[in-house]
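[1] What follows is a predicted structure for the sequence shown.
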Amino acid sequence: MATGRTHRPATRSRGIPEATVARLPLYLRALTALSERSVPTVSSEELAAAAGVNSAKLRKDFSYLGSYGTRGVGYDVEYLVYQISRELGLTQDWPVVIVGIGNLGAALANYGGFASRGFRVAALIDADPAMAGKPVAGIAVQHTDELEQIIQDNGVSIGVIATPAGAAQQVCDRLVAAGVTSILNFAPTVLTVPDGVDVRKVDLSIELQILAFHEQRKAGEESGQGGSEAAEDLEGAPAPSARAAAATTDRKGPDGDVPAVMPA
């Protein structure tokens, strides 16, 4: 089986937009689920719904792959799985190193989805000497002093950074200098890399902040709706001054009606 250094996916050279590339894994996940249920074909509407996009966008995305489906039948599930996997470079073995084996790094090492999608965790690396030799997910942790040699020995081109923010840039620099050209960054910081190196950032706190924004907006809309309903209830009711005047003229004094304005 080929390693990550022998071939790079040709998505950019074929002119596939980055937005389409970002959606291909969504289609592949939905298609894989259909394949596991032995579903032979799927319509663009069904697949779009499963992937969370609209069908027109899906058909446009697939046109970049040269896949147009069959009218009245839909798309061949197994062929699309192969086609998208090939386009994403998942028909080969991609050795990956994870640097920073704290709680997050250990969780990533134990994630079973990497291997099933063509990513083999080749090494786990940590700066803590006490971690060296300890097994995590069946792999012995190695010290960062060995990082460059590990990269070279395993032909690694993809690195995962799960270190604290303060150490991330130095780790990134070492990975790049050793030949890594793609980095998945879980550290809460922005990395600086040279041209030719791709970085994908995953920041869970940012995602939660975005969700908090939407929750606040929804709460504000509900509050505004309640205010508008209250305003509707007041429509047709006398104005405050008119109500006050009406209340005043209803009162009776010893000499009959109490005037709205008492004389001085």
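    Arrived safely, thanks for sending.
[2] Only the buried residues of stretch 94-102, if you could.
    Neighbour counts using 16 or more other Cβ atoms under 10 Å place Trp94, Pro95, Val96, Val97, Ile98, Val99, Gly100, Ile101 of stretch 94-102 among the buried residues. The C-beta positions use only the backbone N, C-alpha and C, and glycine is treated the same way.
[3] Bridged to the second one, which residues?
    Think Pro95. Counting by DSSP bridges, Pro95 forms beta bridges with Arg120.
[4] hmm, back to that, how about CSV for the buried residues of stretch 94-102, with pLDDT and distance to Ala19 added?
    Putting the buried residues of stretch 94-102 into CSV (pLDDT from 0 to 100; distance: Cβ to Cβ, whole Å) gives the following:
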residue, pLDDT, distance to Ala19
Trp94, 94, 23
Pro95, 96, 28
Val96, 97, 25
Val97, 98, 29
Ile98, 98, 28
Val99, 98, 29
Gly100, 98, 30
Ile101, 98, 34
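[5] List just the nearest of these to Glu207.
    Of all the buried residues of stretch 94-102, the one with the least separation from Glu207 (Cβ to Cβ) is Gly100, at 19.6 Å.
[6] Contact partners for that closest one?
    Residues counted as contacts of Gly100 (Cβ atoms under 8 Å, 6 or more residues apart in numbering) are Ile125, Asp126, Ala127, Ile161, Ala162, Thr163, Pro164, Ala167, Val171, Phe186, Ala187.
[7] Who are the contact partners of the last one?
    The reference is to Ala187. Gly100, Ile161, Ala162, Thr163, Pro164, Ala165, Ala167, Ala168.
[8] coming back round to it: can you tell me which of the contacts of Gly100 are in strands?
    Of those, the ones assigned to strands by DSSP state E are Ile125, Asp126, Ile161.
[9] separation between the second one and Ala162?
    Distance from Asp126 to Ala162, counting by Cβ to Cβ, to the nearest Å: 10 Å.
[10] re earlier: quick one, which of the contacts of Gly100 are buried?
    Burial by neighbour count, 16+ other Cβ under 10 Å: within these this picks out Ile125, Asp126, Ala127, Ile161, Ala162, Thr163, Ala167, Val171, Phe186, Ala187.
[11] Mind putting those residues into a markdown table with distance to Leu147 and pLDDT?
    Shown next, in a markdown table, are those (distance: Cβ to Cβ, whole Å; pLDDT from 0 to 100):
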| residue | distance to Leu147 | pLDDT |
| --- | --- | --- |
| Ile125 | 6 | 98 |
| Asp126 | 10 | 98 |
| Ala127 | 10 | 97 |
| Ile161 | 12 | 98 |
| Ala162 | 14 | 97 |
| Thr163 | 12 | 97 |
| Ala167 | 12 | 97 |
| Val171 | 8 | 98 |
| Phe186 | 17 | 97 |
| Ala187 | 16 | 96 |
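[12] Among these, find me the one that's closest to Gly89.
    Ile161 (20.5 Å).
[13] Spatially, which two of the contacts of Gly100 are the most separated?
    Across those, the longest distance by Cβ to Cβ is 15.6 Å; it joins Ala127 and Phe186.
[14] Show me where the chain has its helices.
    Shown for the chain, the helices assigned by DSSP state H span residues 18-36, 44-51, 55-64, 77-88, 103-109, 113-116, 147-154, 165-178, 204-234, 240-249.
[15] Which other helices and strands does the fourth one contact?
    Right, the one you point to is helix 77-88. Here helix 77-88 touches helix 18-36, going by 3 or more Cβ pairs under 8 Å, 6 or more residues apart in numbering; DSSP states H and E.
[16] Show me the contact partners of the helix it packs on.
    Residues outside helix 18-36 that contact it (Cβ under 8 Å, 6+ apart) are 11, 42, 47, 50-53, 57-58, 60-61, 64, 77-78, 80-81, 84-85, 87-88, 90.
[17] Mind giving me the ChimeraX command for buried ones among those?
    To isolate the buried members of those in ChimeraX, using 16+ other Cβ under 10 Å:
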select :11,42,47,50,51,53,58,61,64,77,80,81,84,85,87,88,90
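[18] which residues does the residue nearest to Ala30 when sequence neighbours are not counted contact?
    Spatial nearest neighbour of Ala30, excluding adjacent residues (Cβ to Cβ, 6 or more residues apart in numbering): Ala50 at 3.8 Å. Shown in contact with Ala50 (Cβ under 8 Å, 6+ apart): Ala30, Ala33, Leu34.
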